[in-house]
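J.: Sequence first, predicted coordinates after that:
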Amino acid sequence: MEDLNIRHFKLSNGDDIIGLVAAKNKDSYIIERPVIVQTNLLGGFHFTPWFPFSDAKNFKILMSNIVQHVSIGEDAKDAYIQFALRMNKIKTPEYKSDADIIAEMEEALDYPPEDDASKKTIH
């Protein structure tokens with residue numbers, strides 16, 4: 001695992017990206033399975049896929065968009081690798097219209113309840 005070139009990139013738009021460097025060109029890096037590093041409410045960090053709706057695994061980052069990049073420590077590498085392996089199992093959510101979502105919610109709530117539909121509540 002020490003020989004894996006996993007780097008942390010600070011981009012000019014403010015994104016913090018971690019990914020496996022697949023190739024380095026004179027004007028760009030090709031990054032495999034990039035993730036965004038985000039802070040959580042408790043002050044810790046978590047990963048989010050950089051392009052969550054894409055099946056692509058490799059992305060180009062132009063050097064002109066990179067402010068700085070460094071290799072990461074072993075603990076961060078372990079966490080990244082575990083997350084990257086789980087990303088293969090994550091399915092892209094299917095698109096649903098608002099009407100479909102409401103219908104699913106009504107069905108889940110059993111709204112209005114079919115067995116009580118004949119009973120009227122008088123206040």
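T.: Looks like it arrived, so ask away.
J.: what's in contact with stretch 48-62?
T.: 9, 11, 15, 17, 19, 22, 27-36, 38, 87, 90, 92 (C-beta atoms under 8 Å, 6 or more residues apart in numbering). Glycine gets a C-beta too; all of them are placed from N, C-alpha and C.
J.: Weed out the non-buried ones from these.
T.: 9, 11, 15, 17, 19, 28-29, 31-36 (16 or more other C-beta atoms under 10 Å).
J.: Tabulate the residues you listed (CSV), appending secondary structure, distance to Tyr80 and pLDDT.
T.: As requested, the buried ones among the contacts of stretch 48-62 are exported to CSV (DSSP: H, G, I helix; E, B strand; the rest coil; distance: C-beta to C-beta, whole Å; pLDDT from 0 to 100):
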residue, secondary structure, distance to Tyr80, pLDDT
Phe9, strand, 13, 97
Leu11, strand, 17, 96
Asp15, coil, 15, 94
Ile17, strand, 11, 96
Gly19, strand, 8, 95
Ser28, strand, 21, 95
Tyr29, strand, 16, 96
Ile31, strand, 12, 96
Glu32, strand, 11, 94
Arg33, strand, 8, 93
Pro34, strand, 10, 95
Val35, strand, 7, 95
Ile36, strand, 12, 95
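J.: where do the strands sit along this structure?
T.: 6-11, 16-24, 28-39, 45-49, 58-62, 66-71 (DSSP state E).
J.: Measure how the second one sits relative to strand 28-39, angle-wise.
T.: For the pair strand 16-24 and strand 28-39, the angle between their directions (axes from the mean of the first three to the mean of the last three C-alpha atoms, to 10 degrees) equals 160 degrees.
J.: quick one: which of the buried ones among the contacts of stretch 48-62 is nearest to Ser64?
T.: Ser64 has its nearest neighbour among the buried ones among the contacts of stretch 48-62 in Ser28, at 8.8 Å by C-beta to C-beta.
J.: would you turn the strands of the chain into JSON lines with distance to Ala99?
T.: Shown next, in JSON lines, are the strands of the chain (distance: least, C-beta to C-beta, whole Å):
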{"stretch": "strand 6-11", "distance to Ala99": "38"}
{"stretch": "strand 16-24", "distance to Ala99": "37"}
{"stretch": "strand 28-39", "distance to Ala99": "32"}
{"stretch": "strand 45-49", "distance to Ala99": "28"}
{"stretch": "strand 58-62", "distance to Ala99": "35"}
{"stretch": "strand 66-71", "distance to Ala99": "44"}
